[in-house]
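> Just a sequence and a predicted model for now, questions to come.
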Amino acid sequence: MSDLTFLPAVEMARQIRERKISAVELVDAHFQKIDRLNPKLNAFVHVDAERARREAKRADDAVLRGDPLGPLHGVPVSIKSSVEVAGFRWECGTRLRAGMVSAQDAPLVARLRAAGAIVLGVTNTPELLMAWETDNLLYGRTNSPWDLERTPGGSSGGEAAAIAAGMSAGGVGSDGGGSIRVPAHFSGICGLKPTPGRIPATGHFPASGGPFALIGMVGPMARTVADVKVLFEVMQGPDEGDSCAAPVPVSWPTEVEVKGLRIGYFEDDGRTPVTAETRAAVRTAAESLRRAGFQVEAFRPDGLDEARELWKKFFVKVGGMLIGPMFQGCEHDISPILKQFLEWSAVEPELSVRSLLDAWFRRDEVRAKFLAQMKKYPILLCPAAAIPAFRHGERTWRIEGKTVNYLDAWSYTEWFNLLGNPAAVVPVGRSSEGLPIGVQIVGRPWEEEQVLAVAAALEKECGAWRIPPLCWRGRG
């Protein structure tokens, strides 16, 4: 492949170790791509080329000296701007934090640097992350490299656009209701939402505390499953700043163990219809895994709709209760999409102490029943969303004769935030308009390794990653 920026991250690191390419050369190629495409995509909100080139020079010197090298040595990465990166803006897309620069690295960023990664910059988000598209009053709208009139998703939309377009080899997103998985699905890349606490959310804003510690977490995004895997290995591990942390050792299953996992799949939840191409992608994934030797059976778990309703209480209602007061006296600083989110939150039933406790207990009951069903099907296969990437500003869609509303379109990811399951997205198909369609692979808590092993098998069968049209030679 002649374009260095589209090499897999693990291949970049290998070629740097073997002195086939230099880290400086690789970083320069990424900044050339950023200079060319970021004005159209608006994925990065802050880059530091001089710092990155200095780090790349040090990385090359380490290779020449024969120093021990980490698994991401010299690999250029990006970080969602809701995560602390020393010297970079930590604004989370809101005027309330305009100009805020982090003084330190979040633990996961420190771990990436220790593995040799070079941070190019931080990426755009919707204001305070409360949307499945990316736009704010600080930096404006992020566009998809598949179609500039469409969104790359949210809230990790800047990350998804940067990675898909080859402006970054991989990076870090966060996910409270699909914010890693929906952008991965929209943008034709891979992403992993881990179990709460598996990768520390320390240094993330808004903080993953209280109810948000159960549903919000950080995770890796990249163009290939192998790259997601190495990012996961580097970032995982407990940190005292994360209330959900647990000392769970990494344990990759053997091929025999992976093939022994029974997979249950469903094309829709019986409530929110999905596009015909989305159904086809799930069927393709099921058939591909079956060909690869897995036992794959049609199965739709019980409890999905109650999980969706409970997620709305924690994310939509509690989120609005926490965010709304932050804007008292400065309502003019609220972006339109956050204002709409707060309106949705306001019409949800009020939460008293009693009703919040009831929701918390119900969540645990639903989770226990759900995990009991996963004893038979430790892996689930389902859509990542009802639709592929939508046009900027769209709020409803007509599918199978039914109107699908904005919040309902992402219920396919929201359940697993409420339930605490790890889940990955892998590109599998295309829409009639050529847009990527990803499929979601869900596992049991603390079993990210199984999820990624199945994801790798699916990727091997489907091989669906493609260079977006904006990035073809002669375009952009």
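Perfect, thanks for sending it. Residues are numbered from 1 along each chain as shown.
> Dead centre of the protein: give me the residue that sits there.
Nearest to the mean C-alpha position of the chain, by C-alpha atoms, centre = their mean, lies residue 180 at 1.7 Å.
> Could you report the distance from that residue to residue 220?
Separation of residue 180 from residue 220 (C-beta to C-beta, to the nearest Å): 8 Å. Every residue, glycine included, has its C-beta placed from N, CA and C.
> Give the intersection of the neighbour lists for the two.
The contact sets of residue 180 and residue 220 overlap at 173, 191, 192 (C-beta atoms under 8 Å, 6 or more residues apart in numbering).
> Run through the residues that contact the second one.
Meaning residue 191. 156, 160, 173, 175, 180-181, 183-184, 219-222, 228, 424-425.
> neighbours of residue 364, just the number please.
By other C-beta atoms under 10 Å, the residues close to residue 364 number 10.
> Residue 275 now?
Neighbourhood size, residue 275 [other C-beta under 10 Å]: 20.
> Would you mark the buried spots in stretch 254-274?
For stretch 254-274, burial by neighbour count (16 or more other C-beta atoms under 10 Å) applies to 258-259, 261, 263-269, 272-274.
> Scan this protein for its longest helix.
Longest helix in the chain by number of residues (criterion: DSSP state H): helix 353-373.
> And the strands in the protein, which stretches?
Using DSSP state E, the strands of the chain run over 44-47, 76-80, 118-123, 170-175, 190-193, 217-222, 262-265, 295-298, 379-383, 396-399, 402-405, 423-430, 436-442.
> deepest of these, which one?
Across these, averaging neighbours per residue (mean count of other C-beta atoms under 10 Å) puts strand 190-193 on top, at a mean of 32.
> Within the sheet, what are the partner strands of it, with directions?
Looking at strand 190-193 with DSSP bridges, its partner strands are strand 217-222 (antiparallel), strand 423-430 (antiparallel).
> avg pLDDT for the shortest one?
Here the mean pLDDT over strand 217-222 is 98, rounded to a whole number.
> Now do the contacts for residue 209.
residue 243 are the contacts of residue 209 under C-beta under 8 Å, 6+ apart.
> Name the residues of stretch 357-365 that are buried.
Buried, per 16+ other C-beta under 10 Å, within stretch 357-365: 359, 363.
> Output it as PDB - backbone C-alpha positions only.
Extracted C-alpha coordinates of stretch 357-365, given in PDB (Å, rounded to 0.1, in the frame of the first residue of the first chain):
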ATOM      1  CA  LEU A 357     -33.200   3.800  43.800                       C
ATOM      2  CA  ASP A 358     -35.900   1.800  42.200                       C
ATOM      3  CA  ALA A 359     -34.300   2.200  38.800                       C
ATOM      4  CA  TRP A 360     -30.900   1.300  40.200                       C
ATOM      5  CA  PHE A 361     -32.300  -2.000  41.700                       C
ATOM      6  CA  ARG A 362     -34.300  -2.800  38.600                       C
ATOM      7  CA  ARG A 363     -31.100  -2.300  36.600                       C
ATOM      8  CA  ASP A 364     -29.300  -5.000  38.600                       C
ATOM      9  CA  GLU A 365     -32.300  -7.300  38.300                       C
END
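> From the rest of the structure, what touches it?
With contact meaning C-beta under 8 Å, 6+ apart, stretch 357-365 is reached by 211, 214, 306, 310, 313, 314, 351, 418.
> And residue 200, how far from residue 92?
Distance of residue 200 to residue 92, computed by C-beta to C-beta: 18 Å.
> starting at the chain centroid, how far to stretch 237-246?
20 Å (C-alpha atoms, centre = their mean, to the nearest Å).
> no no, stretch 138-151
Counting by C-alpha atoms, centre = their mean, stretch 138-151 comes out at 17 Å from the chain centroid.
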